[in-house]
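Peer 1: Sequence plus predicted model, see below.
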Amino acid sequence: MIDRRTFTKATAAVSLGTTFNAPSAKATSDPHASFGELKQVRAGLLDVGYAEAGPAHGPVVICLHGWPYDIHSFVEVAPLLAAAGYRVIVPYLRGHGSTTFRARSTVRNAQQSAIALDILALMDALRIPRAVLAGFDWGSRTADILAALWPERVKALVSVSGYLVTNLPAQQHPLPPKAEHTWWYQYYFATDRGRAALQDPQYRRDLARLVWDEVSPGWRYDEATFARTAAAFDNPDYAAIVVHNYRWRLGLADSERRYDRYEQLLADRPPITVPTITLDPELDPFLASTDGTAYRKLFTGPYEHRVLAGTGHNAPQEAPTAFARAVLDADRLH
């Protein structure tokens, strides 16, 4: 096993300033990288599929993926953290991969607090009292919510794109047209045509590939890399979960009453007090800027902001060394 000192030497090429060097635009993710045999555990409403790496009794890091991605966004991050002595847990979010609902009658709901409670239930099922949380896209939002509402369960946080807790009232106001254009699929999924596309095996892959290309303009992945992740979209609940997530954000799908109290707390924009490193990918089209000022006031604990140069939206897969470095450093923030 590689200790932290060896890991530090191995990653010495990563800048320790505020801008981190990403892999060359010509680099590809390793399509042969694998987590090995996945695990399953009953947790709350779900039977959660997850990858695990590192020593069983090491400090825990939970890595959370976004859409349209899966656990393989962390396939090169996990061994770096495991080599540094961490127990790394990478779960499929609801509607993805081998994560399934335990009851057919459960509403296929993807509102933000429901997904956060999934991860809290996973931690309980695995008897994990506290963990470092690291995520991007849906994963950032989920990790942010856990850090805001259950800070006693979060040792430290790495959040790509900063504070992503959905503000439902703000969602009712339009953005500048150029920004709205970037979110085209959100409006597509508000239509029956969009739902039908997600239900079609070929169209949902074509749609995901298009999003990958648009939001990570410098990432050169190959067919095997895409296919490895696209398999996670064959989950029978995938279309329902994705559609509900984006319709709920726009106020076009109902919440469940069981989550009302959490959403009421989140509506107040609770600050995040745990040690945090926020990461802004330089080439991510969703970011209005990369200086972090838009959300800085919402992180009130030990804090650092970094920009991932030459990196798009899928930060952990495009810049795994810099992402792993952020996890290690967040765990040492005071």
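Peer 2: Structure's in. What do you need? Worth saying up front: this structure is predicted, and the values here are computed from it rather than measured.
Peer 1: Now do the SS call for residue 280.
Peer 2: Here residue 280 takes the strand state, with states given by DSSP: H, G, I helix; E, B strand; the rest coil.
Peer 1: Could you find the closest non-adjacent residue to it?
Peer 2: residue 290 (4.0 Å; Cβ to Cβ, 6 or more residues apart in numbering). Any C-beta I mention is one placed from the backbone N, CA and C, and that applies to glycine too.
Peer 1: from memory that neighbour sits against residue 309, does it?
Peer 2: No - in this structure residue 290 lies outside contact range of residue 309 using Cβ atoms under 8 Å: 9.4 Å.
Peer 1: Who has more neighbours out of the two?
Peer 2: Each of residue 290 and residue 309 had its neighbours counted (other Cβ atoms under 10 Å), and the higher figure belongs to residue 290 (20 against 17).
Peer 1: Show me what secondary structure element comes after the one helix or strand residue 141 maps to.
Peer 2: Element membership for residue 141, per DSSP states H and E: helix 138-149. Sequence order places strand 154-160 as the next helix or strand after helix 138-149, per DSSP H and E.
Peer 1: Just the helices from the chain, written as ranges.
Peer 2: Using DSSP state H, the helices of the chain run over residues 4-10, 77-83, 112-125, 138-149, 168-171, 177-182, 184-188, 192-199, 201-215, 223-230, 238-249, 260-267, 315-318, 320-330.
Peer 1: orientation of the last one relative to strand 154-160 in degrees?
Peer 2: This means helix 320-330. On the basis of axes from the mean of the first three to the mean of the last three Cα atoms, to 10 degrees, helix 320-330 is oriented at 150 degrees to strand 154-160.
Peer 1: for the record, mean pLDDT for helix 320-330?
Peer 2: In this model, helix 320-330 has an average pLDDT of 98.
Peer 1: for it, packing partners?
Peer 2: Where contact means 3 or more Cβ pairs under 8 Å, 6 or more residues apart in numbering; DSSP states H and E, helix 320-330 is packed against strand 19-21, helix 77-83, strand 131-135, strand 154-160, strand 276-281, strand 303-309.
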